[in-house]
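[1] test case, fold it:
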Amino acid sequence: METSTNQPIGNPPDNNLVWAILCTVLCCLPLGIVSIIKATKVSELWARGDAAGAQKAADDAKKWAIWGAVASVIVWGIYVLLMVVLGLGGVLAG
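    Down below sits the predicted model:
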């Protein structure tokens with residue numbers, strides 16, 4: 001009697017959960033949460049035999065974490081720029 005499984009051959013893709021958590025805690029909460037949700041789907045999809053879906057979820061988790069980090073850098077850059085401009089405006093006006 002032969003049993004067949006849908007389990008893909010090889011190792012599952014890296015779910016990028018560490019990057020998702022770091023993005024959530026250190027960078028951008030909303031984009032980090034989306035990244036965590038995508039990362040947690042990787043193992044479930046792999047267990048169901050959906051290797052392509054698992055890889056897409058892993059890629060999406062990484063993409064959202066990167067977007068969160070970039071958004072954080074942009075927001076902090078704008079903040080520092082405004083503080084410098086407002087600080088110089090206060091010095092020059094006073």
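
[2] mind telling me what element Gly53 is part of?
    Taking DSSP states H and E as the definition, one finds Gly53 inside helix 51-93.

[3] could you say what helices and strands that helix packs with?
    Using 3 or more Cβ pairs under 8 Å, 6 or more residues apart in numbering; DSSP states H and E, the elements in contact with helix 51-93 are helix 17-22, helix 29-47. To be clear about C-beta, it is placed using only N, CA and C from the backbone, and glycine gets the same treatment.

[4] residues touching the last one, excluding its own?
    By that I understand helix 29-47. Here helix 29-47 makes contact (Cβ atoms under 8 Å, 6 or more residues apart in numbering) with 7-8, 12-13, 15-17, 19-25, 53-54, 57-58, 60-62, 64-65, 67-68, 71.

[5] take those residues and, keeping just the buried ones, write it as a PyMOL select command.
    Selection of buried members from those for PyMOL, criterion 16 or more other Cβ atoms under 10 Å:
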select buried, resi 8+12+13+15+16+17+19+20+22+23+24+54+57+58+60+61+62+64+65+67+68
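
[6] okay, the residue most central in space within the chain: pLDDT?
    Per Cα atoms, centre = their mean, the C-alpha nearest to the average position across the chain is that of Ala65, at 1.9 Å. Looking at Ala65, its pLDDT reads 96.
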